[in-house]
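J.: Provided below are the primary sequence and the corresponding predicted coordinates.
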Amino acid sequence: MSVLAQNEDEVLALFSTPQSGEGTYYGPSSSGSCTLDFNLPPVAQTSEIFSTVAMNSPQYYGSLTCGMCIQMTGEGVGSGADPIDGTFIVYVSDLCPECASGDLDVAQSGDGRWEIEWTAVDCPGNYGDLQYLGQGSNDFFLKVQVRNHRVPVSQLYLLDADGQSRITMTPTSDNFFTYQSSSSLSGSYTVQVESVDGQAVDDVVTIDQIISAQPFTGGNGVQFNGIAAGSPSQNPSPSPAASQSAVAQPSQSSAASQEASPSASRSNDAQPSSSSVPQSPSASRSPSSAVDQLSQSRTPLPDTPGFTTDVTTDFTTDSPSDYTTFSTPDVSPESSLSSGTTFTFPTFSSLTVSLSTGSSASMISSSVLLAVLASVLVL
């Protein structure tokens, strides 16, 4: 059995065999070994996904688990200031080189080492078809990432024009497939994408799309079926305990929760990501409260002047127009939001919405929480 085939079997087993290990935190991250930092694909931006995580080295399997969804459960057993307590869905976007088998490193601000159990699941939600992204490609060399998949991808093939033979592209440790051609490539090609459970779907891509280095959907609009064994019965959203944060029960001492424990897995100085909201030293609420304010319908914002948060999402405001403003340099310097107004942004938009409130009368409800950037300040 080849190494790839063995790894496929190991990944497939994660859908039926519960894993156990330690859950740790490494802080908000805007990049990772899976190279999904261009913009997380739609599958990772659904409301069902609580956070991104880094997979431990033994179960990274050369990047086969990149883009895999996991149902993780913690009961607050362990040590540190910020227990992992609850059941929720996370998305693999990075590698934790020092983590042991069964461990997961959560891309959230937090402290401690906590006992967890987890199983791989079909990615929940509605997020469309498979997507592709080229990197450093040209007419003779292709480097292609398959994104937005329901279950892990194991192989990518280029099919000849007659469809009778196929070229096996080479998988890389940064979640791509490569092919070096001896002659110039142009026009459109049929690609065949295989999942770890043996599903094969045919799609159509063009060389120009790959060279553009922008995410795109294939011409056939295909997606994998699920792997039923380990998936939740109704693709549940995170439980109430988990949806608040992996940092569900912060320490009574705000000072204690601000200092990273020596037991924390690793640190990350990257710019804040869409999956985490760090706690301000002067804030008395939990680090996740800003996410809760946006993701729960008709929840008042804190009665704190100067409270701000940046979001890239579809959202609806029920705020009085005389006191909440919307601004982005790419649309207009500033526009007032009237009650019931909804603003929509493309999935791959880099627009930033800045919401600020002056009292608790302002209320926001999120129709589709695609991403919340970790930029919450209480002045």
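T.: Thanks, I have the structure now. None of the values given here were measured: they were computed from a predicted structure.
J.: average pLDDT across whichever strand or helix holds Val53?
T.: Val53 is part of strand 49-56 when elements are defined by DSSP states H and E. Mean pLDDT, strand 49-56: 97.
J.: Name the surrounding residues that touch the very next helix or strand once past it.
T.: Next helix or strand after strand 49-56 toward the C-terminus (DSSP H and E): strand 69-79. With contacts defined as C-beta atoms under 8 Å, 6 or more residues apart in numbering, strand 69-79 is touched by 22-23, 43, 49, 53, 83-92, 104, 112-124, 230, 232, 246, 248-249, 261, 263. Any C-beta I mention is one placed from the backbone N, CA and C, and that applies to glycine too.
J.: List the buried residues in the very next helix or strand once past strand 69-79.
T.: Toward the C-terminus, strand 69-79 is succeeded by strand 85-96 as the next helix or strand (DSSP H and E). The neighbour-count check on strand 85-96 (16 or more other C-beta atoms under 10 Å) flags Asp85, Gly86, Thr87, Phe88, Ile89, Val90, Tyr91, Val92, Ser93, Asp94, Leu95, Cys96 as buried.
J.: Strands along the stretch 151-300 of the chain, start to end?
T.: 153-159, 166-168, 170-171, 177-180, 188-195, 200-206, 216-217, 299-300 (DSSP state E, counting those that start in this stretch).
J.: Report the contact partners of the residue lying closest to Val201 once chain neighbours are set aside.
T.: Leaving aside its sequence neighbours, Val201 sits nearest to Val222 (C-beta to C-beta, 6 or more residues apart in numbering; 4.1 Å). Residues near Val222 by C-beta under 8 Å, 6+ apart: Asp129, Leu130, Val193, Val201, Asp202, Asp203.
J.: Tyr60 now?
T.: Ser33, Cys66, Leu95.
J.: which of the residues you listed lies closest to Gln59?
T.: Leu95 (9.9 Å; C-beta to C-beta).
J.: What residues are bridge-paired with the closest one?
T.: Taking DSSP bridges as the rule, Leu95 bridges to Met55.
J.: Is it in contact with Gly32, as I believe?
T.: Yes - counting by C-beta atoms under 8 Å, Gly32 is a contact partner of Leu95 at 7.1 Å.
J.: Tell me the confidence at the residue nearest to Val201?
T.: 98.
J.: likewise Thr73?
T.: 98.
J.: low-confidence ranges in the stretch 51-200 of the chain?
T.: 163 (pLDDT under 70).
J.: Repeat the analysis, applying 80 as the threshold.
T.: 160-164 (pLDDT under 80).
J.: Could you give the number of residues near the closest residue to Ser93 other than its chain neighbours?
T.: Excluding its sequence neighbours, the residue lying closest to Ser93 (C-beta to C-beta, 6+ apart) is Thr52, at 4.2 Å. Burial of Thr52 is recorded as 26 neighbouring residues (other C-beta atoms under 10 Å).
J.: The chain should start at 44 in everything you say after this.
T.: Right, with 44 as the first residue, what we last looked at is Thr95.
J.: circling back to that earlier point, can you redo the strands of the stretch 194-343 of the chain as TSV, where the extra columns are distance to Glu118 and mean neighbour count?
T.: Converted to TSV, the strands of the stretch 194-343 of the chain look like this (distance: least, C-beta to C-beta, whole Å; neighbours: other C-beta atoms under 10 Å):
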stretch	distance to Glu118	mean neighbour count
strand 196-202	33	21
strand 209-211	44	14
strand 213-214	36	16
strand 220-223	39	16
strand 231-238	32	20
strand 243-249	39	17
strand 259-260	40	17
strand 342-343	27	14
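J.: Can I get those strands in JSON lines including distance to Val120?
T.: As requested, those are exported to JSON lines (distance: least, C-beta to C-beta, whole Å):
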{"stretch": "strand 196-202", "distance to Val120": "34"}
{"stretch": "strand 209-211", "distance to Val120": "45"}
{"stretch": "strand 213-214", "distance to Val120": "37"}
{"stretch": "strand 220-223", "distance to Val120": "40"}
{"stretch": "strand 231-238", "distance to Val120": "34"}
{"stretch": "strand 243-249", "distance to Val120": "41"}
{"stretch": "strand 259-260", "distance to Val120": "43"}
{"stretch": "strand 342-343", "distance to Val120": "30"}
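J.: In terms of helix, strand or coil, where does Asn50 fall?
T.: helix (DSSP: H, G, I helix; E, B strand; the rest coil).
J.: Taking the buried residues of strand 128-139, tell me the two that lie furthest apart.
T.: Farthest pair in the buried residues of strand 128-139, by C-beta to C-beta: Asp128 and Leu138, 25.5 Å.
J.: Doesn't Leu55 lie inside a strand?
T.: No - assigned with three-state DSSP, Leu55 falls outside any strand and is helix.
J.: what's the closest non-adjacent residue to it?
T.: Nearest to Leu55 is Val239, by C-beta to C-beta, 6+ apart, at 5.0 Å.
J.: Ok, Ile92 next?
T.: Per C-beta to C-beta, 6+ apart, closest to Ile92 is Tyr134, 5.1 Å.
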